[in-house]
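# Pasting the sequence and the predicted model now:
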Amino acid sequence: MSSVPDITLNNGVTMPQLGFGVFQVPEEETEAAVTTALEAGYRSIDTAAVYGNEAGVGRAVAASGLRREELFVTTKLWNEQQGYDSALAAFDASLSRLGLDYVDLYLIHWPTPARDRYPDTWRAFEKLLADGRVRAIGVSNFQPAHLQRLIDHFGVVPAVNQIELHPGLQQKELREFHARHGIVTEAWSPLAQGALLTEETITRIAERHGRTPAQVVLRWHLQLGNVVIPKSVTPERIRQNIEVFDFALSDEDIDAITALDRGMRTGPDPDTFN
Ligand code: NDP
């Protein structure tokens, strides 16, 4: 079984570099998918209030027999609950659906700049952290200006920014901003939801390594230093996606994949998504 390396966050908490995402997994399939992932060796699970499947994640965790401290559970605050009091209430509701007494990482799901509530929301996140109800706090889909505003006005720098990132959208500027400020880059839709897996560059490299295209793309992320959270409901793919720690891409492979960068956003633009 693959052993996933840890990444150390800016407050010393460690998080597995590869985890399991459950976006678009129906609630009734979530327990089975997460159970398969835990059996395959995943220890980090990425959900969100808006996915509607926190309870399924919680059931799989409870049934796993794993000790709580062996697991790393991330969930996210949905946009409509931004604001100080509403964020605290939404956190309680997420925790209760998960059946946990703390989460490892709590993220603001989108900045929704037109709402202009993410600073107030961050204040609530700092309180959750100070109260020991979360081990780390971070954000998702934040652009440099949104991050800078938090850095300028608050004591806690986000531990993580979870952003759309894959070979078609490599986010060089954000990754450099993160590196300067000690923020970990976490890639969502690391496989571009499957859209890049038939590209000639990727399939050629995969063939040469005797690996699948998905494994090559995940390996590219890991060698860049990203945290990745591929999603699948297919047991064979769930297992395949974690078997990526026993081979390495060459500098040439990395360069060929870097050349695929082309501003290919599959999700909303964070500056205008409100
Ligand atoms: P991914 O890039 O992980 O791709 C998932 C898709 O790829 C599914 O259709 C899956 O099919 C397919 N797939 C997975 N593994 C393989 C494989 N080995 N070979 C071929 N196809 C494969 O997309 P997601 O959008 O789900 O992103 C991953 C996670 O990131 C989410 O689940 C969520 O946790 C997070 N996320 C966060 C967002 C945010 O705003 N913060 C936004 C979007 C995602 P199948 O399931 O049928 O096997």
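Everything's here; your move. Numbering: from 1, shown residues only.
# Can you check the pLDDT for the spatially closest residue to residue 259 that is not a sequence neighbour?
Using CB to CB, 6 or more residues apart in numbering and skipping residues adjacent in sequence, the residue nearest residue 259 is residue 201, 7.4 Å away. (C-beta placed from N, C-alpha, C; glycine too.) On pLDDT, residue 201 comes in at 98.
# so residue 201 sits right up against residue 260, yeah?
Yes. Using CB atoms under 8 Å, residue 201 is in contact with residue 260, at 6.0 Å.
# ok, now how distant is residue 136 from residue 74?
Distance of residue 136 to residue 74, given as CB to CB, to the nearest Å: 9 Å.
# Name the residues contacting each of those two.
Here residue 136 and residue 74 share the contacting residues 104, 105, 106, scored by CB atoms under 8 Å, 6 or more residues apart in numbering.
# Give me the number of neighbouring residues for residue 252.
The tally of other residues near residue 252 (other CB atoms under 10 Å) stands at 9.
# Surely it is in a helix?
Yes. Secondary structure assignment (DSSP: H, G, I helix; E, B strand; the rest coil) places residue 252 inside a helix.
# and the closest residue to the ligand within the chain, what does it touch?
Taking CB to the nearest ligand atom, the ligand has its nearest neighbour within the chain at residue 21, 2.5 Å off. Residue 21 is in contact with 46, 188, 229, 230, 231, counting by CB under 8 Å, 6+ apart.
# Which residues does it form beta bridges with?
Counting by DSSP bridges, residue 21 forms beta bridges with residue 46.
# Would you quantify the distance from it to residue 63?
20 Å.
# try residue 263
Remark: distance between residue 263 and residue 63 (CB to CB) = 42 Å.
# These two: which is more packed in?
Taking neighbours as other CB under 10 Å, residue 263 and residue 63 compare with residue 63 leading, 12 against 8.
# For that one, identify the helix or strand it belongs to.
For residue 63, the host element (DSSP states H and E) is helix 54-64.
# Perfect, that will be all.
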